[in-house]
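Student: Give the three-dimensional model of this entry:
(chains A and B, ligands or ions: 2)
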Number of protein chains: 2
Amino acid sequence: MDGARPVRAPRGTQLTHATHWGAEAPLRMLMNNLDPEVAERPDDLVVYGGTGRAARDWKSFDAMVRTLSTLKQDETMLVQSGRPVGVMQTHEWAPRVLIANSNLVGDWATWPEFRRLEQLGLTMYGQMTAGSWIYIGTQGIVQGTYETFAAIAEKRFGGTLAGTLTLTGGCGGMGGAQPLAVTMNEGVCLIVDVDEARLRRRVEHRYLDEVAGSLDEAVDKALRAKDERRARSIGVVGNAAEVFPELLRRGVPIDIVTDQTSAHDPLSYLPEGVALEDWTEYAAKKPEEFTDRARESMAHQVRAMVEFQDAGAEVFDYGNSIRDEARQGGYDRAFDFPGFVPAYIRPLFCEGKGPFRWAALSGDPKDIAATDRAVLDLFPDNDRLHKWIRGAQERIAFQGLPARICWLGQGERDKAGLAINELVRTGEVSAPIVIGRDHLDTGSVASPYRETESMADGSDAIADWPLLNALVNTSSGASWVSIHQGGGVGMGRSLHAGQVSLADGTDLAAQKLARVLSNDPAMGVIRHVDAGYGIADRTAAEHGVRIPMREG
Amino acid sequence: MDGARPVRAPRGTQLTHATHWGAEAPLRMLMNNLDPEVAERPDDLVVYGGTGRAARDWKSFDAMVRTLSTLKQDETMLVQSGRPVGVMQTHEWAPRVLIANSNLVGDWATWPEFRRLEQLGLTMYGQMTAGSWIYIGTQGIVQGTYETFAAIAEKRFGGTLAGTLTLTGGCGGMGGAQPLAVTMNEGVCLIVDVDEARLRRRVEHRYLDEVAGSLDEAVDKALRAKDERRARSIGVVGNAAEVFPELLRRGVPIDIVTDQTSAHDPLSYLPEGVALEDWTEYAAKKPEEFTDRARESMAHQVRAMVEFQDAGAEVFDYGNSIRDEARQGGYDRAFDFPGFVPAYIRPLFCEGKGPFRWAALSGDPKDIAATDRAVLDLFPDNDRLHKWIRGAQERIAFQGLPARICWLGQGERDKAGLAINELVRTGEVSAPIVIGRDHLDTGSVASPYRETESMADGSDAIADWPLLNALVNTSSGASWVSIHQGGGVGMGRSLHAGQVSLADGTDLAAQKLARVLSNDPAMGVIRHVDAGYGIADRTAAEHGVRIPMREG
Ligand SMILES: NC(=O)c1ccc[n+]([C@@H]2O[C@H](COP(=O)([O-])OP(=O)(O)OC[C@H]3O[C@@H](n4cnc5c(N)ncnc54)[C@H](O)[C@@H]3O)[C@@H](O)[C@H]2O)c1
Ligand SMILES: NC(=O)c1ccc[n+]([C@@H]2O[C@H](COP(=O)([O-])OP(=O)(O)OC[C@H]3O[C@@H](n4cnc5c(N)ncnc54)[C@H](O)[C@@H]3O)[C@@H](O)[C@H]2O)c1
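Tutor: Ligands and ions are numbered 1, 2, ... in the order given. A predicted model of the protein is given here:
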């Protein structure tokens, strides 16, 4: 893309571009999203998830850096699909950046219309944390994936995946977390990707143990490790639409099956019979034909998944919309297996739990070590949290600015945020910290094929909640707030909001953090109370989250 | 509906329910929207526009009143499709109420899915100002309609409609403004409605001069007035799908044709051959069949409109989506005539102009008289404004709390708002005033069949702008902010935002008003700059509205 260059967030305890941390923070995080350590295709401004961008084009990137560099403490920059379109006078409690990415009017929220508008230079795809500048590399997804596989272990296999074999596809920005999450749960993982470079990259990062030379070799090694109850992850180059049915045909004893190819965007799923090197050109030249073929291939892959389930395996959709694409590809049993959210994640959402995360603007790993200690001290009885943070410290390399993620719930996030702000105030942490989360969170997303699939009251498609979430975070002191459409599951299928807040050690930051980090998870609690979940009722009662309809 | 009762906003200069005006204001305006003088079907909580509601049900209404009555000055009530779902601690610059109504994820944003969810009690249709509590009766629409017909007079008929005949359909909450707007422009208007009661109601309010006993009588009277260049409006009972083609067949010399039946919701358009008294039951029992028949009838009506255009008339869609419904009803030339926005309104939007309005919480008409004087004084050279306000004072009866609307642009709205706040401060106005606007405004709506039809750059369907508008108003000091889906043109076809701000005479209110009433129209200016409109460029330059992409 025109203007491409290597970008890396400035480090250190001093302001480098902006005149205050309120503007320096989003600026460093925008740059960090484009750090070659973090982004999948930084030259194209693509951070993760197919084509999820941090900025619309390099001119827009430059204009955002320029604008943030002079932004005053009572001004707000407006970003429309990765391009700065305004600077307005607001006030010191207001966010410094307001972002709306990829939003289209309902009837027009389709990939062809989106691509037409993108071609015209009028929009970009923001995914979830790409266009909202709080992607922290694969650690984020490792944590979510770790929680998911831990829940499966709990549900089906007595608390451990030892002695089980998991089959999955897609070893990209998100999907590459799967092998590590499985082995952290003591299991064996066989992962298929068409692109050997993707598999090699995960080996480099120690998320994947090895790449097998052939499918036979991969199966042999996987079965040996399974028999020996040894944690092991093995990558194999191949097309999931061919490999999944082949493994089914061979009767390989697979216990768990899922997939994280970029199925939500059919142009990012390689159809059977297309060579890796022809992919980009073919998809660009004949998008409709490519889409049809991709969907047909997905139908083959999903049929194999359903038949694995018929044979007794635990099978789930891992949030990439592959079931709906396979249905459009002509396979009518595509929805026979559940999404991961209703199956494993929703009970956590009911407690306001979700992917809480923070990043050290200093760039100093010691700052994260200090916050790790503080968070562990704060929740001494939370074994899962302790196990996760210690495991992450050992096995997960930072990408870009050092960062940490852990799932925290109502009553926990505000405590952690205030503790972190206190560390900045006292100087135990050397520079401000930003505290945010994924858009995939308890009260921040409407996505009927993923986060809000099969809600108890049928309210899957109601999209008021993420909008209220964005409005309430804007009203509570967040530093930047974003509303995106189509993240994760594709155009027309989701609406979601994000927030990032600044812990700069000031009293004002403490007041803001107390509000944002209570109100933000509380959106999830009230959303699940409204939908009729008992766990959410108990969470609301315990933490004094008000439910106006019950106060009469 | 369960719990129905007459509601009317409290009057007077003292707080009646809440402990501060920040909460009393939305409370009075919620009640005012349900005042039988204001609302079309108050028992069902329907304010206007088919089924546009102020609250989801009476229990929700009661809960909102209860919640606002104790709301603190640093708390915010969250409303999800007309039901209060949360109360959270925010701060004094934050809105007191945040509203998201009728929002659905794109692929699910259809009438059948919406109705399914509404049946389940999970949502309501908020239209634009119904669910956001700033409907002021028909004055609002008279002003917009007046501006539209004035623009047509300018464009085609030498500055006046004298000697012209306008044909239109639909004399409901919005459409009932048409006869008055035409006669205020000195023209003759023939208006068709299936429901005689709707026509009689407009005669009572002096918006319509008379109801003819038959079509023959109506045509005679209309032609006589046209010949004599005498302003006159005549209602006739009939189905527009039959009357429009009949008038075409007869060769009646009609100059201007439009329509404001509730076409955006096919269940609110009576098909040919269905009796008025069977309407409700039929639509409820067989919604799909009813929809098909309504669309077929609309196709007949729109065909006549296109053929009037072929014969030389000025024909336009008046924002009710009838063209798309007629297209679905099988008529392929439906989009041969333009929407009113690109035809007449967009040049005003480029100057940040739109339906600015305010209401006197005291209930005292003298308060509006004082604000009228102040606004006239503020803009001594604006003839159109003077003509409008004087005309409105003479001919338009207040409905509910006294209110005024006039279209003001960038650099004007903030001046007017501050002047009004000053009147409250000095006591020339007896109680606080609320200042808001329609969702149909310059930078607050994405609606490819209406406000954003045929944008110069093709960006009709980009929906980031209304979301940024809501976020920036939330960041600037508005009192309540709303994001709605589907208003005006129906499910899946629009996304739009509203704001209402409080002028209580305090310094804080002045600071808030200065920001909101600059930033809110500035959203429209930057939206139209981005789309390539020269008038918007000039407006931005004149008023110092920053365009970050041009600052490099
Ligand atoms: N469940 C979650 O929490 C979650 C979170 C974020 C994203 N997602 C979704 O997961 C999916 C993957 O995201 P990502 O960031 O890893 O995307 P990515 O584009 O970085 O990686 C996708 C990978 O799939 C591979 N691939 C494509 N077609 C293939 C085929 N036919 N067979 C085998 N491999 C194939 C590609 O080579 C690539 O390595 C997306 O749909 C994303 O929206 C899920
Ligand atoms: N252009 C604008 O600025 C604007 C603003 C708001 C609303 N609207 C749209 O205008 C339309 C009308 O709004 P409203 O508030 O007046 O609705 P309404 O429901 O109050 O009135 C509609 C009227 O149409 C009549 N009607 C229905 N079917 C008919 C038929 N076949 N023939 C003749 N009359 C028929 C009804 O009896 C009723 O009086 C809606 O679609 C609304 O969304 C436009």
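Student: in the stretch 401-550 of chain A, what spans have low per-residue confidence?
Tutor: The model of the stretch 401-550 of chain A has no residue with pLDDT under 70.
Student: all strands of it, in order?
Tutor: Counting by DSSP state E, counting those that start in this stretch, the stretch 401-550 of chain A has strands at residues A:403-408, A:433-437, A:445-446, A:480-485, A:495-503.
Student: Please export the C-alpha coordinates of the longest one as PDB.
Tutor: Same thing as strand A:495-503. C-alpha atoms of strand A:495-503 as PDB (Å, rounded to 0.1, in the frame of the first residue of the first chain):
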ATOM      1  CA  LEU A 495     -22.200  -5.100  16.000                       C
ATOM      2  CA  HIS A 496     -19.700  -4.500  18.900                       C
ATOM      3  CA  ALA A 497     -18.000  -1.900  20.900                       C
ATOM      4  CA  GLY A 498     -14.700  -1.400  22.600                       C
ATOM      5  CA  GLN A 499     -13.100   0.800  25.200                       C
ATOM      6  CA  VAL A 500      -9.600   1.600  26.300                       C
ATOM      7  CA  SER A 501      -8.800   3.600  29.400                       C
ATOM      8  CA  LEU A 502      -5.700   5.300  30.600                       C
ATOM      9  CA  ALA A 503      -4.100   4.700  34.000                       C
END
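Student: So is that strand next to chain B?
Tutor: Yes. Counting by C-beta under 8 Å from any C-beta of the partner chain, chain B has neighbours in strand A:495-503: residue A:495. Where you see a C-beta, it was placed from the backbone N, CA and C, and this is true even at glycine.
Student: residues in contact with the residue of chain A found nearest ligand 1?
Tutor: Across chain A, no residue is closer to ligand 1 than residue A:172, which sits at 1.8 Å (C-beta to the nearest ligand atom). With contact set as C-beta atoms under 8 Å, 6 or more residues apart in numbering or on different chains, residue A:172 has these partners: A:40, A:48, A:49, A:193, A:198, A:260, A:261, A:262.
Student: Residue B:17: which of these is nearest?
Tutor: Using C-beta to C-beta, residue A:49 comes nearest to residue B:17 of these, at 48.3 Å.
Student: Which residues are in contact with the residue nearest to that closest one when sequence neighbours are not counted?
Tutor: Once flanking residues are discounted, residue A:49 sits nearest to residue A:127: 4.2 Å by C-beta to C-beta, 6 or more residues apart in numbering or on different chains. Residue A:127 is in contact with A:47, A:48, A:49, A:50, A:51, A:52, A:53, A:484, A:487, A:488, counting by C-beta under 8 Å, 6+ apart.
Student: Taking these, tell me the two that lie furthest apart.
Tutor: Across the contacts of residue A:127, no pair lies farther apart than A:53 and A:488, at 14.8 Å, counting by C-beta to C-beta.
Student: Name the residue in these two with the higher neighbour count.
Tutor: residue A:53 (30 against 26; other C-beta atoms under 10 Å in any protein chain shown).
Student: Surely that one and residue A:124 touch.
Tutor: Yes. Between residue A:53 and residue A:124 there is a contact under C-beta atoms under 8 Å: 4.6 Å.
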